[in-house]
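# The following comprises the amino acid sequence and a computationally predicted model.
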Amino acid sequence: MPRLSERVGVLQESSIRKLDFVVLAQKGVAFHRLNIGQPDVPTPRPLLEAIRAFQPEVVAYGPASGLLACREAAAAYHERWSPGLGRQHVAVTAGGSEALLFAFTALCDPGDEILVPEPYYTNYNGFATVAGARVRPIRTTIDTGFAIPDDATLDGFVTPRTRLIVLCNPGNPTGAVYGRETLARVLAWAARHDLWVVADEVYRRIWFGEEPTSALEFAEHRDRVIVVDSVSKTYSACGARVGFFLSRNEGLMEKVERLGQARLGVQPLAQTAAIAALSLPETYYEEVRQVYARRVSAMVEAISEIPGAVTPRPNGAFYAMVQLPIDDSDRFARWLVTDFRDAGESVVVAPGGGFYADPASGRREIRLAAVNSEEVLRKAVAILGRGLAAYPGRGQ
């Protein structure tokens, strides 16, 4: 029997999707999907109109780094934070996920290390594994609001194999927001260690207190900064699979073009929709921000009514990491799907272990996504609370 590669042998399951097939096997149950960041906010009409109007005579390949019009639209959008940005600084990718994979592949050799504040987006594990690299976690905690440690602490994580640090701002799954002072400090620290900085800014427009600062704003660090963006969350267009890799480092962008050539190009139809998205007025972003502010508030308030549940109030994005009095979050999440029913309903949550390098660190945590209306979120969290009260492993 031919063997599989060692790389796929150690590829981690995604905490977000690992229960999908288990959910599908359940019959006659209405599930509230709090596990995945799939918003039910309607996709803006201009995107849908752009899709309907796309009527080419031939559905052809797109350029490796994206349609020029799409790259120009992305550059113009990001000029809000980085004046002078041009299309040469942008590559269009198949979602923010591919932009992250391109970054890890372009910057890391097999065995290199990627620093990431944890808990972190679970798929960083998979991207690093595919690139042959290893995530080295920097622990942050709920009681400090998931603040990034001081420079002396960060110094202790650097080894000869360290190549970059990833900052998700606002944070998935933490909801932490890094402002100008924090970002300036981390960028200066990275420069002292000659590290790359990959800023995952997919949730850049969703914040509730201090506005997040884009890493593109720091001209003095232009050659070491990569920003990842996407149309998925801000525009409720997850299925379009359009993301952006942005950097002013010309040598890096030339290599990213080669990575793009190896997989051909992102579908032009999706890029046409992205162009429409990037042209929306500023009023749209404020409306979306307020929608998620209400949803996150409703979810956090409902969580606060569950005995034993602890969660900080997110400052951005639309997730919350929740500590629960349970024996094991994987077991609890599966039990909710297979065993617990509340008048024919139940909830799907993301087990916390997948958001840590060592899954044991998240065994008493889950991640919830505020992607439904306030009414639905309150109902779903109430069902979660009743499930927790009935769970055999509670309090262990």
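Thanks, I have the structure now.

# Do a quick rundown of the strands in the stretch 101-250 of the chain.
Ranges of strands in the stretch 101-250 of the chain, per DSSP state E, counting those that start in this stretch, are 113-118, 134-139, 162-168, 196-200, 225-230, 243-246.

# can you give me phi and psi for the closest residue to Trp207 other than its chain neighbours?
Spatial nearest neighbour of Trp207, excluding adjacent residues (CB to CB, 6 or more residues apart in numbering): Gly316 at 4.0 Å. No exception for glycine: its C-beta is placed from N, CA and C like everyone else's. With angles defined as degrees, to the nearest 10, Gly316 sits at phi -170, psi 180.

# What ranges in this structure fall below the confidence cut-off?
Where the chain drops to pLDDT under 70, the residues are 396.

# what's around Glu72, how many residues?
16 (other CB atoms under 10 Å).

# Hmm, I typed the wrong one, I wanted Glu181.
Residue neighbour count, defined by other CB under 10 Å, stands at 10 for Glu181.

# can you list the domains in this protein?
6-42+283-390, 45-278 (automatic domain parsing).

# quick revisit: how about the strands of the stretch 101-250 of the chain in TSV, adding mean neighbour count and distance to Thr105?
Conversion of the strands of the stretch 101-250 of the chain to TSV gives the following (neighbours: other CB atoms under 10 Å; distance: least, CB to CB, whole Å):
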stretch	mean neighbour count	distance to Thr105
strand 113-118	23	11
strand 134-139	18	14
strand 162-168	23	11
strand 196-200	25	12
strand 225-230	27	12
strand 243-246	27	11
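
# Looking at those, spot the one closest to Val256.
strand 243-246 (5.8 Å; CB to CB).

# Need the residues that contact the closest one.
74, 78, 85, 89-99, 102-103, 202, 216, 226-232, 256 (CB atoms under 8 Å, 6 or more residues apart in numbering).

# Check which element follows that strand along the chain.
The helix or strand immediately downstream of strand 243-246 is helix 250-262, counting by DSSP states H and E.

# Using neighbour counts, pick out the buried residues of that next one.
252-253, 256, 259-260 (16 or more other CB atoms under 10 Å).

# Work out the gap between that helix and the centre of the chain.
Counting by CA atoms, centre = their mean, to the nearest Å, helix 250-262 is centred 23 Å from the centre of its parent chain.

# quick one: contacts of the next helix-or-strand element following that helix?
Next in sequence after helix 250-262, counting helices and strands by DSSP H and E, comes helix 268-278. If you take CB under 8 Å, 6+ apart as the criterion, helix 268-278 is touched by 44, 46-51, 53-54, 56, 59-60, 62, 66-67, 69-70, 73-74, 76-77, 92, 231, 234-235, 237, 240-242.

# With that, I have no additional questions.
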